[in-house]
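A.B. asks: Below is the sequence, then the predicted model.
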Amino acid sequence: MRKRAAVLCGAAVVVAGTVTAVPADASAPSSAATAQAAKITWKKCGTTDYPTLQCASLKVPLDHRNPYGKKITLALSRVPHTAKKSQGPLLVNPGGPGGSGLSLAGFVATSLPKAVAAQYDVIGFDPRGVGKSTPALDCKPGYFNPVRPDSVPSTPAIEKANLERAKSFAAACGKKYASVLPYINTIQAVQDMDSIRAATGYKKTSYFGYSYGTYLGAVYAKLFPQRVKRLVLDSIVDPTGVWYDDNIGQDYAFDARQKALMAWIAKYDSTYKLGTDPAKIEAKWYAMRKALAKKPAGGKVGASELEDTFIPGGYYNGYWPYLAEAFAAYVNDKNADPLVEAYENFAAVDASGDNGYSIYTSVQCRDASWPRDWNQWRKDNWAVYDKAPFMTWNNAWYNAPCAFWPTDSLRPVNVANGKLPPTLLFQATNDAATPYEGGATVHELLAGSSFVVEQGGGNHGITLSGNACLDKYLAKYLTDGTVPRSGGEIDAVCPKLPDPKPLASTAAASSSERGSTLHGLLGFRG
């Protein structure tokens, strides 16, 4: 959702909620709609990075239970196959909910081995309500404009200010999009995916999703198992905790990743001069936060914006050198300019971010039930904050509109599935946005799935980002469906990539180009 990318979603390590195999919203799959789907007309829209990219649009029902009713439009992108024999479409999704997938098609097609990508029509799409799809939702432009109230509600006045913000956002969505909000949810989105599949003319589709895109893929596979050719899920949402429990589970994991950043900074004391004790460095970070709460840097970076700026470091350690430099400049040199620059690069929200957040809330608040009593939120989040303070309240306010959402909620989908061909799952052990337990859970729920683990890795989105071991398994699977089998709980283990080094004085980046590009597409949050 930030300037660099769209919102993501997360997963949890805590107890499951009520699930249902096929919710009422999915009781009438989109067979009638797909039967009348027009052929897609592709037009050239290549870019410097992706010269063979093509674009198109597809009309789908706003409500797939009423296929002949009001239509909305999905924006599509494609890199067409070049091999003599095609394996059909490979739909890709970067997560969110709220992430645009148009550029991801080009990235995936150019990052896979040429011989593999050549076999597929790699198709990206902006899910309903997102980006170039119409209507594109933007409930309250400028909602994240700085400086926001301190995220930690240490006084009744601060809590009230944050509550009023959350209520106003929910009310704005209800006022602007009353006729649309009931249909912005995961179930309708996967029925859109089947409309795309049908419009390509193929009986089956392959799918490759990151983060929330893993839940999207698992739900698609549940509703349309006969349509799945290959299924790849990377950085996996725990489907038994959507979405309140999942977000609480993130708070512990992000606190651990923030501590990992502090330990990395300690390792390079000769560069950053913040000390060699990670705990003392962390104390300096919280002292910086306290100072910014009183006097925001550049009139932009208060306490909440500081959290926003460092949260991306929990997604991708390639950002650590930039964050460390900004931290050190503020503490050691009383220079806030690098901190403001880091905020503008990693955290400031533009119009696409406003759109992404509008979809994020619309989907998550509709997908599952959330506590409607704020006392429950207060109790739960203070309990978590005592153990994991870094992101807890920031994350709570990010999701707080769901306590006041103007639509009722659906029941989560039980994605347990014994009707699929072999599927391939990827998970890093220290992923913060979608903690490891989510991958392990989905491995149990999808019979015949194969689970590939990046040992010690903490990045979110691990394939096609420079780890040759992981990419080897991905390429093999997409080529002929081969998956690793160990007979144990984990089918293959790959070592993590090395942590980044501090930036050289003239260096523009410290990590692999592919890794930086991917994480720019996947974005931050959730």
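C.D. replies: That came through, no problem. Quick caveat, the model's predicted, so the values are computed rather than measured.

A.B. asks: The stretch 201-350 of the chain: strands as residue ranges?
C.D. replies: With DSSP state E, counting those that start in this stretch as the criterion, the stretch 201-350 of the chain has strands at 205-211, 228-236.

A.B. asks: Out of these, which one sits most buried?
C.D. replies: Mean neighbour count (mean count of other CB atoms under 10 Å) peaks for strand 205-211 among these, with a mean of 28. To be clear about C-beta, it is placed using only N, CA and C from the backbone, and glycine gets the same treatment.

A.B. asks: How far off centre is that one?
C.D. replies: 13 Å (CA atoms, centre = their mean, to the nearest Å).

A.B. asks: And stretch 144-161, by the same measure?
C.D. replies: Counting by CA atoms, centre = their mean, stretch 144-161 comes out at 25 Å from the chain centroid.

A.B. asks: For that stretch, buried residues please.
C.D. replies: Applying a neighbour-count criterion of 16 or more other CB atoms under 10 Å, one finds 144, 146, 147, 148, 149, 150, 151, 152, 153, 158, 159 buried in stretch 144-161.

A.B. asks: So what touches that stretch?
C.D. replies: 162, 165, 293, 296, 299-305, 307-308, 343, 348-349, 353-354, 357, 378, 385, 389, 393-394, 396-397 (CB atoms under 8 Å, 6 or more residues apart in numbering).

A.B. asks: Kindly write the ChimeraX command that selects the buried subset of these.
C.D. replies: Selection of buried members from the contacts of stretch 144-161 for ChimeraX, criterion 16+ other CB under 10 Å:
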select :162,165,293,296,300,301,302,303,304,305,307,308,343,348,349,353,354,357,385,389,393,394,396,397
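
A.B. asks: can you give me the strands for the stretch 51-200 of the chain?
C.D. replies: 54-61, 71-79, 89-93, 121-126.

A.B. asks: what helices or strands is the longest helix along the chain leaning on?
C.D. replies: Ordering each helix of the chain by length in residues (DSSP state H) puts helix 244-267 first. In terms of contacts (3 or more CB pairs under 8 Å, 6 or more residues apart in numbering; DSSP states H and E), helix 244-267 is packed against helix 278-294, helix 312-315, helix 320-333, helix 374-385, helix 392-399.

A.B. asks: Tell me which of those lies nearest to residue 521.
C.D. replies: Closest approach to residue 521 among the helices and strands packed on helix 244-267 is made by helix 312-315 (11.8 Å; CB to CB).

A.B. asks: the bottom helix or strand of the protein by mean pLDDT?
C.D. replies: helix 31-35 (a mean of 45; mean pLDDT, DSSP states H and E).

A.B. asks: ok, residue 420 - how many residues close by?
C.D. replies: Residues lying near residue 420 (other CB atoms under 10 Å) number 18.

A.B. asks: three-state assignment of it?
C.D. replies: What DSSP: H, G, I helix; E, B strand; the rest coil gives for residue 420 is coil.

A.B. asks: That one and residue 411, how far apart?
C.D. replies: 22 Å (CB to CB, to the nearest Å).

A.B. asks: could I get stretch 394-408 in CSV with only the CA atoms?
C.D. replies: C-alpha atoms of stretch 394-408 as CSV (Å, rounded to 0.1, in the frame of the first residue of the first chain):
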residue,chain,number,x,y,z
ASN,A,394,0.1,0.3,15.0
ASN,A,395,-1.3,-2.9,13.6
ALA,A,396,-4.4,-2.7,15.8
TRP,A,397,-5.3,0.8,14.4
TYR,A,398,-4.6,-0.4,10.9
ASN,A,399,-7.3,-3.0,11.3
ALA,A,400,-9.6,-1.1,13.6
PRO,A,401,-12.1,0.0,11.0
CYS,A,402,-13.2,-3.6,11.0
ALA,A,403,-14.7,-3.1,14.5
PHE,A,404,-17.1,-0.6,12.9
TRP,A,405,-17.5,-2.0,9.3
PRO,A,406,-20.8,-1.2,7.7
THR,A,407,-21.4,-4.7,6.2
ASP,A,408,-21.9,-8.0,8.0
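
A.B. asks: Please enumerate residues in contact with it?
C.D. replies: Against stretch 394-408 from outside (CB under 8 Å, 6+ apart): 151, 162-163, 165-167, 169-171, 173-174, 178, 181-182, 243-244, 247, 250-251, 254, 304, 307-308, 311, 361, 364-366, 370-374, 377, 381, 525-526.

A.B. asks: Please indicate which of the residues you listed are buried?
C.D. replies: For those, buried by 16+ other CB under 10 Å: 151, 162-163, 165-166, 169-171, 173, 181-182, 243-244, 247, 250-251, 254, 304, 307-308, 311, 361, 364-366, 370, 377, 381, 525-526.

A.B. asks: give me phi/psi at residue 417?
C.D. replies: phi -150, psi 120 (degrees, to the nearest 10).

A.B. asks: which residues pair with it across the strands?
C.D. replies: residue 446 (DSSP bridges).

A.B. asks: Touching, it and residue 222? I think so.
C.D. replies: Yes. In terms of CB atoms under 8 Å, residue 417 counts as a neighbour of residue 222; the distance is 5.7 Å.

A.B. asks: Would you mind telling me which of these two has more residues around it?
C.D. replies: residue 222 (24 against 20).

A.B. asks: Tell me how far that one lies from residue 452.
C.D. replies: 22 Å.

A.B. asks: go on, residue 52?
C.D. replies: 29 Å.

A.B. asks: again, but for residue 402
C.D. replies: When residue 402 is compared with residue 452 (using CB to CB), they lie 33 Å apart.
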